[in-house]
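**Q** I'd like to go over a predicted model; first the sequence, then the structure.
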Amino acid sequence: MDITALYALFKSSDGIATDTRNTLSKKIYFALKGDHFDGNDFALDALSKGAIAAVVDRPALKDRTDKIFFVDDVLKKLQELAHFHRKKCKTTIISITGSNGKTTTKELIKTILSENFSCQATEGNLNNHIGVPLTLLKLKETTQFGIVEMGANHQGEIAFLCKIAAPDWGYITNFGKAHLEGFGGLDGVIKGKTELYRYLTENKGNILVHADDAEQEKAVGTYSVIRFGKNSTNDYCIQYSDAIDDELCIHFSNRKLCCPLYGAYNLPNIAAATALGIHLGVSLEQISSALSCFETQANRSQLIQKGKYSFVLDAYNANPTSTKAALMSFAQKKAESKGIILGDMLELGVEAFEEHQKIVFQALAMKFEEIYLVGSLWPQLEIEHSKIKIFEASEVLRDYFVENPSNVTTLLLKGSRGIALEKILDAF
């Protein structure tokens, strides 16, 4: 199907749908495939539920109705449409990637820029080869800024997403030990993430850099960038206050800006969003107001109270870098007694054993009263200690807590998404 014809149909529709369980009225249904489903199976059902067209790649559906549009590859056509729409829009695209803090930084930037501009941002963490196109296809003619999160677990993926999104701005939160299996080690992570910077330098785009991070400075070389950091030579000199349990504060131009966000590891995220906001014309008064009202997303540095127990729920994802930072912040938290619940850190490949072992030794050195380890990787360490208890799954630890309540009052939950540590809270 010709892209101009498809785009004309898109402009007359109410948007894109990829799931027949959601609203389909006046939308174009794209029959995407997954590991355990084929959207082509539901194309006719989508039309019966109000979709104005269905884009499919199964030849047998080709002539079933004039509302069926056959293409060679549905996903590629979705990506092509998203890029076509992005180029038609006058929206400024800000792309964000990094090993940790992408979603929080994206939400902080959206919150600040929304004080002055019409913004659209990636919903949740829909940041892959499907999520990025869907985000772009939600841009409206009136959208001034689109904040697009880009995730990756192997080299070449960020470069591909850049070709679709064609960003005007880019920011990398950090380089950490995430998805080591796919990237082939930390050097691979850096090479993969900096594909964003390479795209921007080749296309004369804008780059925001955390100048306190030596790897960031190395990545941009001599290219002209906007810098923020603690040094007064930066474009935006931003200092940090000591983190307290329920608030993080930064200082810029004799102003103290505070945000109800947990964890000192989030200070650079707040600083990045603030620097970008100032640079794009948001006043300090507006930034202060936006930060003060910021709400964290589910499972990301959430502070939860259940009876006598206080929880820090940071279980959306985990890798050695983010877990180490979480432990350090939690160790500084004031509490009567503290324990930790750590889930497996997935996708570490050959480095999994060593990295899990390092985390256990770090946790023991911090002298938490109770240590609970959840998943299949921890037993391989064969570490025995009176404070450590190991469970094969979150549900098993949940059931254990029902019969054996924790003796501490404050608990950190940190683990990869696949471990779903939040299920444990049902025991309290």
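**A** Noted; the coordinates are in hand. Numbering: from 1, shown residues only.
**Q** so residue 247 sits against residue 259, correct?
**A** Yes: in this structure residue 247 lies within contact range of residue 259 using CB atoms under 8 Å: 6.9 Å. Every C-beta, even on glycine, is put in place using the N, C-alpha and C of the backbone.
**Q** which one's more surrounded, the two?
**A** residue 259 (25 against 13; other CB atoms under 10 Å).
**Q** how much space between the more buried one and residue 240?
**A** Going from residue 259 to residue 240 by CB to CB, to the nearest Å gives 12 Å.
**Q** looking at the chain, which helix or strand does the model trust least?
**A** Across the helices and strands of the chain, mean confidence by mean pLDDT, DSSP states H and E is lowest for helix 180-183: a mean of 90.
**Q** show the subsequent helix or strand relative to that helix.
**A** On the C-terminal side of helix 180-183, the closest following helix or strand by DSSP states H and E is helix 186-193.
**Q** just to revisit the earlier point, what helices or strands is the least confident helix or strand of the chain leaning on?
**A** The contact analysis (3 or more CB pairs under 8 Å, 6 or more residues apart in numbering; DSSP states H and E) places helix 180-183 against helix 186-193.
**Q** buried ones in the helix it packs on, by neighbour count?
**A** For helix 186-193, the neighbour count (16 or more other CB atoms under 10 Å) marks 186, 188, 189, 190, 191, 192, 193 as buried.
**Q** ok, now stretch 344-361?
**A** Using 16+ other CB under 10 Å as the test for burial, stretch 344-361 gives 344, 345, 346, 347, 348, 351, 352, 355, 356, 357, 359, 360.
**Q** the second one touches residue 353, doesn't it?
**A** No: with contact defined as CB under 8 Å, residue 345 does not reach residue 353; the gap is 11.1 Å.
**Q** which neighbours do those two have in common?
**A** Shared contacts of residue 345 and residue 353, defined by CB atoms under 8 Å, 6 or more residues apart in numbering, comprise residue 377.
**Q** picking that back up, and the two most separated of the buried residues of stretch 344-361?
**A** Using CB to CB, the two most remote members of the buried residues of stretch 344-361 are 347 and 360, lying 18.8 Å apart.
**Q** who touches stretch 18-25?
**A** 14, 17, 29-30, 32, 39, 42, 45-46, 49-51, 130, 134.
**Q** just the endpoints, please. Distance across it?
**A** 12 Å (CA to CA, to the nearest Å).
**Q** same deal with stretch 137-154?
**A** End-to-end span of stretch 137-154 (CA to CA): 25 Å.
**Q** ok, now stretch 132-151?
**A** 9 Å.
**Q** now that stretch: buried residues?
**A** For stretch 132-151, the neighbour count (16+ other CB under 10 Å) marks 132-139, 143-151 as buried.
**Q** out of the residues you listed, list just those in helices.
**A** Those of the buried residues of stretch 132-151 mapping onto helices are 132, 133, 134, 135, 136, per DSSP state H.
**Q** what would these look like in JSON lines with pLDDT and distance to residue 159?
**A** Converted to JSON lines, those look like this (pLDDT from 0 to 100; distance: CB to CB, whole Å):
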{"residue": "132", "pLDDT": "97", "distance to residue 159": "12"}
{"residue": "133", "pLDDT": "97", "distance to residue 159": "15"}
{"residue": "134", "pLDDT": "97", "distance to residue 159": "19"}
{"residue": "135", "pLDDT": "97", "distance to residue 159": "18"}
{"residue": "136", "pLDDT": "98", "distance to residue 159": "17"}
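**Q** ok, of those, which one's closest to residue 200?
**A** For these, the residue nearest residue 200 by CB to CB is residue 132; the value is 15.9 Å.
**Q** so what's that closest one closest to, chain neighbours aside?
**A** residue 161 (5.1 Å; CB to CB, 6 or more residues apart in numbering).
**Q** what helix or strand is that neighbour on?
**A** Going by DSSP H and E, residue 161 is part of helix 157-165.
**Q** quick one on the thing from earlier: count of residues packed around the residue nearest to residue 132?
**A** Residue 161 has 27 nearby residues by other CB under 10 Å.
**Q** who are the neighbours in contact with it?
**A** Residue 161 is in contact with 95, 128, 129, 132, 150, 152, counting by CB under 8 Å, 6+ apart.
**Q** again, only using 10 Å
**A** Residue 161 sits next to 79, 95, 97, 127-129, 131-133, 148-152, 167, 195-196, 199 when contact means CB atoms under 10 Å, 6 or more residues apart in numbering.
**Q** picking that back up, strand partners (parallel or antiparallel) of the helix or strand just after the helix holding residue 161?
**A** Per DSSP H and E, the first helix or strand lying C-terminal to helix 157-165 is strand 169-172. The pairing partners recorded for strand 169-172 under DSSP bridges are strand 92-97 (parallel), strand 206-210 (parallel).
**Q** out of these, which is closest to residue 62?
**A** Nearest to residue 62, of all the strands paired with strand 169-172, is strand 92-97, at 35.0 Å by CB to CB.
**Q** so for the closest one, what's the average pLDDT?
**A** Here strand 92-97 scores 98 as its mean pLDDT.
**Q** and the angle from that strand to helix 186-193?
**A** Following axes from the mean of the first three to the mean of the last three CA atoms, to 10 degrees, one obtains 170 degrees for the angle between strand 92-97 and helix 186-193.
**Q** relative orientation of strand 92-97 and helix 157-165 in degrees?
**A** Orientation check (the same axes, to 10 degrees): strand 92-97 against helix 157-165 gives 170 degrees.
**Q** next secondary structure after the one helix or strand residue 104 maps to?
**A** Assigned by DSSP H and E, residue 104 belongs to helix 102-113. Note on helix 102-113: by DSSP H and E, the next helix or strand toward the C-terminus is strand 119-121.
**Q** ok, that following strand: who's next to it in the sheet?
**A** Sheet partners assigned to strand 119-121 using DSSP bridges are listed as strand 145-149 (parallel).
**Q** about what we covered before: for the helix holding residue 104, packing partners?
**A** Packing contacts for helix 102-113, counted by 3 or more CB pairs under 10 Å, 6 or more residues apart in numbering; DSSP states H and E, involve strand 92-97, strand 119-121, strand 145-149, strand 169-172, helix 267-279, helix 284-292.
**Q** again, only using 8 Å
**A** Helix 102-113 packs on strand 92-97, strand 119-121, strand 145-149, helix 267-279, helix 284-292, going by 3+ CB pairs under 8 Å, 6+ apart.
**Q** may I see the buried residues of the longest one?
**A** Of the residues in helix 267-279, those with enough neighbours to count as buried (16+ other CB under 10 Å) are 267, 268, 269, 270, 271, 272, 273, 274, 275, 276, 277, 278.
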